[in-house]
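> Got a predicted structure plus its sequence, pasted below:
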Amino acid sequence: MNRSKFHVLGIIMLVLVAGCSSNVQPPTTPPQVNYVQGTTYVYYAQNLDKSSGQPVAGSGDTITSVVLQTGISYQGKTNVTEIQNTHSNAGTGVASMDTTYISQTNGEYWHYNFGLELLNSNTTVLGYANSGNQINGGWVLQSKLAANVGDTWIGMDTTLTLKIGTAPLIDSVNEMNDTTLSTGTAKHTSHSIKLNAVVVNAKIDVESYISTANGPLLVKFPPDSLAGSATPGRITTFVRVK
């Protein structure tokens, strides 16, 4: 074979190699909220009137949330972010603190004990609770950051041990349309949390809005009925990164 034929063959091989390599796609990185140690997020929370559904005057609570640690392990999960929340509790004038734990894997946003705030503020429910009068549901799949509208999943399925026996606690989740808020576009999920016991039947609806840029932008508990008594709702809105 002469030199010109070698030259033509080389060109053909290069074209074939280039054509094959163009079909190789880079791996897709699952979406997540990239928490950074030391970052501070500011939120504003208000109670919602059980009759009108409107914010209750004087119930405002400024929440300052600081990322303490990332990449830790907690309650059986890894890649956990620990966030310390300081509540101004403007209505009482007494500041308080609590801790949030978030774990993220493959686009899943897990939030420890998510959605149980109203259960843990209801005296009827707490009267039947063990372990320090708090309902503990464990890890809850608050959001799937790559989910499509109409997707459903079980965010939590556990059995509580109460003073009157055991009771199932289940969170059924629906992926809604992405929502544009004043603070950004968010993944919107609707949660229906049910506690069914012999003497305590409680249901909580929770609307969750999360962006990959700043995490939760809004969490809303519409006024609902817990253990047969009307309960005011709660709305917490992201304000800024401080």
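Cool, got the structure.

> tell me the contacts of residue 66?
Counting by CB atoms under 8 Å, 6 or more residues apart in numbering, residue 66 makes contact with 38, 39, 40, 83, 84, 86. Where C-beta positions appear, they are placed from N, C-alpha and C, glycine not excepted.

> Return the member of the residues you listed nearest to residue 95.
The nearest member of those to residue 95, counting by CB to CB, is residue 86 at 6.3 Å.

> So what touches the helix or strand harbouring the closest one?
Assigned by DSSP states H and E, residue 86 falls within strand 77-87. The contact list for strand 77-87 (CB under 8 Å, 6+ apart) reads 35, 41, 45, 61-74, 95-105, 110, 139.

> Sitting in strands, which of the residues you listed do you find?
Counting by DSSP state E, the contacts of strand 77-87 place 41, 45, 61-74, 96-105, 110, 139 in strands.

> filter those residues to the buried ones?
By neighbour count, with 16 or more other CB atoms under 10 Å, the ones in strands among the contacts of strand 77-87 hold 41, 45, 61, 63-65, 67, 70, 74, 100-104, 110, 139 as buried.

> what's across from residue 162 in the sheet?
Per DSSP bridges, the residues bridged to residue 162 are residue 165.

> Relative to residue 115, how far out is it?
Going from residue 162 to residue 115 by CB to CB, to the nearest Å gives 18 Å.

> Between those two, which is the more surrounded one?
Using other CB atoms under 10 Å as the criterion, residue 162 and residue 115 rank with residue 115 on top: 23 against 19.

> For the more buried one, give me its contacts.
Per CB under 8 Å, 6+ apart, neighbours of residue 115: 137, 140, 142, 155, 156, 171, 191, 193, 204, 206.

> so which strand or helix has it?
Applying DSSP H and E, one finds residue 115 in no helix or strand.

> how far does stretch 167-179 sit from the chain's center?
How far stretch 167-179 lies from its chain's middle: 11 Å, per CA atoms, centre = their mean, to the nearest Å.

> pLDDT of that stretch, averaged?
For stretch 167-179, mean pLDDT is 96.

> Pull out the CA atoms of that stretch and give them to me as PDB.
Taking C-alpha atoms only, stretch 167-179 is exported to PDB below (Å, rounded to 0.1, in the frame of the first residue of the first chain):
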ATOM      1  CA  ALA A 167     -49.600   4.000  66.200                       C
ATOM      2  CA  PRO A 168     -48.600   4.400  62.500                       C
ATOM      3  CA  LEU A 169     -47.200   7.800  61.400                       C
ATOM      4  CA  ILE A 170     -47.100   8.200  57.600                       C
ATOM      5  CA  ASP A 171     -46.200  11.100  55.300                       C
ATOM      6  CA  SER A 172     -47.600  10.800  51.700                       C
ATOM      7  CA  VAL A 173     -45.800  13.300  49.400                       C
ATOM      8  CA  ASN A 174     -46.800  14.700  46.000                       C
ATOM      9  CA  GLU A 175     -44.500  16.600  43.600                       C
ATOM     10  CA  MET A 176     -46.300  19.800  42.400                       C
ATOM     11  CA  ASN A 177     -45.400  22.300  39.700                       C
ATOM     12  CA  ASP A 178     -42.200  24.200  40.300                       C
ATOM     13  CA  THR A 179     -43.100  27.600  41.800                       C
END
